[in-house]
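1. got a predicted structure plus its sequence, pasted below:
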Amino acid sequence: MAYHVYMETFGCQMNEYDTELVRSLLKTNGFQMTQDSEEAHVVLLNTCAIRENAHNRVYGHLGKFKVAKQERGLVIGVLGCMAQNLKKELQETRPFIDVLVGPDGYRQLPVLLTRALEQHEKGQAVELSEYETYEQIVPDRVPGVHGWIAVMRGCDNFCTFCVVPYTRGRERSREPQGIVREAQDLADRGYKQITLLGQNVNSYQADGWGFARLIKVVADVPGIERVRFMSPHPKDFPPALLEAIADHPHICRQIHLPLQSGNDRMLEMMGRTYTRREYLELVDVIRQHGTIALSTDVICGFCSETQEEYLETYRLLEEVAFQSTFVFKYSERKQTIASRKYPDDVSDVVKSERVMQLIELQKKISIRKNQQKIGRTVQVLVEGHARKFPDQWMGHAEDNTTVVWEKNGHMTQPGDLVSVLVHDVSAGTLFGHMAPVL
Ligand code: 5AD
Ligand code: SF4
């Protein structure tokens, strides 16, 4: 009988993709995946380490499965960034974990699980690799219209606040041929949209290909309607990539461009290697290429950030008017340069206040920008039924805003590209009805 594996994923899109790789590795080695943790022999948590609240969520879930293990002898595995970064602490404080596997160790997982199941042996694979890109492993995809493809792994930027270079190791790009094959395979299986993933896609470099060439070739794959990517670093945005976004009909006119702070002293301490002015100049250059939706990430309350320095971020958000902003409270991470060099000295209350103010500001900006779309038609890739309203469809516009509209008996299916006339908006969603075909 095949062992049944139940898996949960926390964190970023790269982790979602890694879960697809792990599922594929397990299935080809005779394991069976299950959606029901009650009938599982193995529970795997694919974890994230980027902020403290990511840790806390994983600890909560581990507590739940510890009880299940006492009752019926479950094997528990912790995968991903926390396994890599906190292996010692996890072994000491949660001795019920059987298997620990970091982001470069997934090929060893089937053997480690078999040993844990059959010989009750604990195991771990937490070596980082300079070469592992999981070439030749075909991800076991989540059915739908949208697929992820990791084009590179790791990060060499060492922004001082960030744990990723320690959990995911050195930057390495995948061979373009394998990526294009994966895109063709997605198209053959009916997927319509691809997001190319990397911690810093601008530094993609393999076989003489840069990222701009790669994304154009992926966007040319017949059947693929939309290609997105995440994330570029503002410091070395290639002009050829901007031209590709402006010119290629299948590359979405949308860029997620992490800012982190609008203040030069903070940017310097964060090791971001650009200034406020250089970031704003890049935004100008992007906007000279037509309407391209911008979104960003910011951190509030980084070490010694003053009110005036925080306000520079506030004003930059007002000035640029991003389509959306992900706002994070600074969370000190073990091993990082910031944790060794700078005290985490902005109080939690102040961090939270700043986060809330930026979220409020962004909400107003998003509503204002969305209101400009009322009465206009947007092109939407149909993804499925709206979660809360089964008589409505849900999808995303090219700028990545969520769109919800009445089904009204049209012959629409997931995967179709349709025109929706917008009649109402909120900060995160456009509401509309199908535009008449002219
Ligand atoms: N604390 C808070 N936010 C962080 N991010 C990365 N590391 C930290 C940290 N230690 C945020 C950055 C990054 C996003 C993915 O997560 O804004 O762009
Ligand atoms: Fe972290 Fe900076 Fe690398 Fe992004 S670019 S993963 S923030 S070190």
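-> Happy to help now that I have it. Since the model is a prediction, treat every value here as computed from it, not as a measurement. Ligands and ions are numbered 1, 2, ... in the order given.
2. could you list the residues of the stretch 101-250 of the chain in contact with ligand 2?
-> For the stretch 101-250 of the chain, the contact set with ligand 2 under CB under 6 Å from any ligand atom comprises Cys155, Asn157, Phe158, Cys159, Cys162, Val164, Pro165, Gln199, Asn200, His233. Just so you know, the C-beta spots here come from the backbone N, C-alpha and C atoms, and that holds for glycine as well.
3. ok, now which ones touch the fourth one?
-> Taking CB atoms under 8 Å, 6 or more residues apart in numbering as the criterion, Cys159 is in contact with Gln260, Met270, Gly271, Arg272.
4. cool, Lys216 as well?
-> By CB under 8 Å, 6+ apart, the neighbours of Lys216 are Ala244, His248, Ile251.
5. one more time with 10 Å, if that's ok
-> Residues counted as contacts of Lys216 (CB atoms under 10 Å, 6 or more residues apart in numbering) are Val227, Ala240, Leu241, Glu243, Ala244, Asp247, His248, His250, Ile251.
6. for His289, same thing?
-> Contact analysis of His289 by CB under 10 Å, 6+ apart lists Pro239, Leu242, Glu243, Ile245, Ala246, Asp247, Arg253.
7. before we move on, the earlier item: among the residues of the stretch 101-250 of the chain next to ligand 2, which ones lie close to ligand 1?
-> Contacts with ligand 1 within those, as defined by CB under 6 Å from any ligand atom: Cys162.
8. emit the PyMOL select command for whichever of the residues of the stretch 101-250 of the chain next to ligand 2 are buried.
-> Of these, the buried ones can be selected in PyMOL as follows, counting by 16 or more other CB atoms under 10 Å:
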select buried, resi 155+157+159+162+164+165+199+200+233
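9. pretty sure Pro165 is touching Asn157, no?
-> Yes. Contact criterion CB atoms under 10 Å: Pro165 and Asn157 qualify, at 7.0 Å.
10. just send the residues of the stretch 101-250 of the chain next to ligand 2 back as a markdown table, with pLDDT and distance to Ala49 too.
-> Shown next, in a markdown table, are these (pLDDT from 0 to 100; distance: CB to CB, whole Å):
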| residue | pLDDT | distance to Ala49 |
| --- | --- | --- |
| Cys155 | 96 | 13 |
| Asn157 | 95 | 16 |
| Phe158 | 97 | 15 |
| Cys159 | 98 | 14 |
| Cys162 | 97 | 10 |
| Val164 | 96 | 8 |
| Pro165 | 96 | 12 |
| Gln199 | 93 | 13 |
| Asn200 | 92 | 18 |
| His233 | 96 | 20 |
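11. which of the contacts of Cys159 lies closest to Phe65?
-> Using CB to CB, the shortest approach to Phe65 within those belongs to Gln260, at 34.9 Å.
12. okay, now that closest one: neighbour count?
-> Applying other CB atoms under 10 Å, we find 24 residues neighbouring Gln260.
13. next: the one 4 residues further on.
-> When counting by other CB under 10 Å, one arrives at 16 neighbours for Asp264.
14. do Glu132 as well
-> For Glu132, using other CB under 10 Å, the count is 17.
15. ok, it - contacts?
-> Neighbouring residues of Glu132 by CB under 10 Å, 6+ apart: Pro103, Asp104, Gly105, Tyr106, Arg107, Arg153, Gly154, Gly169, Arg172.
16. widest-spaced pair of the residues you listed?
-> Farthest pair in those, by CB to CB: Arg107 and Gly154, 16.4 Å.
17. quick one: which of these two has more around it?
-> A side-by-side neighbour count of Arg107 and Gly154, using other CB under 10 Å, places Gly154 first with 23 against 16.
18. for the contacts of Lys216, work out which two are farthest apart.
-> The widest separation within these (CB to CB) is 16.4 Å, between Ala240 and His250.
19. compare these two (neighbour count), which wins?
-> The residue with more neighbours, out of Ala240 and His250, is His250; 17 against 14, by other CB under 10 Å.
20. tell me where this structure has helices.
-> For the chain, applying DSSP state H gives helices covering 13-28, 52-72, 81-85, 87-93, 109-119, 164-167, 176-188, 211-219, 239-247, 264-270, 276-287, 307-320, 337-341, 348-371.
21. pick the most deeply packed of the ones you listed.
-> Ranked by mean neighbour count, the helices of the chain are led by helix 81-85 with a mean of 26 (mean count of other CB atoms under 10 Å).
22. does it reach ligand 2?
-> No. Judged by CB under 6 Å from any ligand atom, helix 81-85 stays clear of ligand 2, getting no closer than 10.9 Å.
23. restrict that helix to CA atoms and write it as PDB.
-> What follows is helix 81-85, C-alpha atoms only, in PDB (Å, rounded to 0.1, in the frame of the first residue of the first chain):
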ATOM      1  CA  CYS A  81      13.200  28.000   4.700                       C
ATOM      2  CA  MET A  82      12.600  27.300   8.400                       C
ATOM      3  CA  ALA A  83      14.100  23.800   8.200                       C
ATOM      4  CA  GLN A  84      17.100  25.400   6.700                       C
ATOM      5  CA  ASN A  85      17.500  28.300   9.000                       C
END
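24. is there a neighbour count for Val101? I'd like the number.
-> When neighbours are counted by other CB under 10 Å, Val101 comes out with 26.
25. who's in contact with it?
-> 22, 44, 46, 77-80, 83-84, 87, 107-109, 112-113, 123-126.
26. over to Met1?
-> Applying CB under 10 Å, 6+ apart to Met1 gives the contacts Gln32, His41.
27. related to what we said a few turns ago, what is in contact with Pro165 and Asn157 at once?
-> Glu171, Gln199.
28. picking up where we left off before, farthest-separated two in the contacts of Cys159?
-> For the contacts of Cys159, and using CB to CB, no pair is farther apart than Gln260 and Gly271, which are 9.9 Å apart.
29. quick check: neighbours shared by these two?
-> Shared contacts of Gln260 and Gly271 (CB under 10 Å, 6+ apart): Cys159, Phe161, Cys162.
30. just the closest of those to Tyr6, please.
-> Distance to Tyr6 across the shared contacts of Gln260 and Gly271 (CB to CB) is lowest for Cys162, with 30.4 Å.
31. burial measure for Arg141, as a count.
-> Neighbour count for Arg141, taken as other CB under 10 Å: 18.
32. so what's it up against?
-> Applying CB under 10 Å, 6+ apart, the residues contacting Arg141 are Tyr17, Glu20, Arg23, Ser24, Gly147, Trp148, Glu182, Asp185, Leu186, Arg189, Tyr191.
33. the second one against Asp140, yeah?
-> Yes. Look at Glu20 against Asp140 with CB under 10 Å: they come within range, at 5.4 Å.
34. grab the nearest non-local neighbour of His248.
-> Leaving aside its chain neighbours, His248 sits nearest to Ala219 (5.1 Å; criterion: CB to CB, 6 or more residues apart in numbering).
35. got the confidence number for the one you found?
-> In this model, Ala219 is scored at 98, pLDDT.
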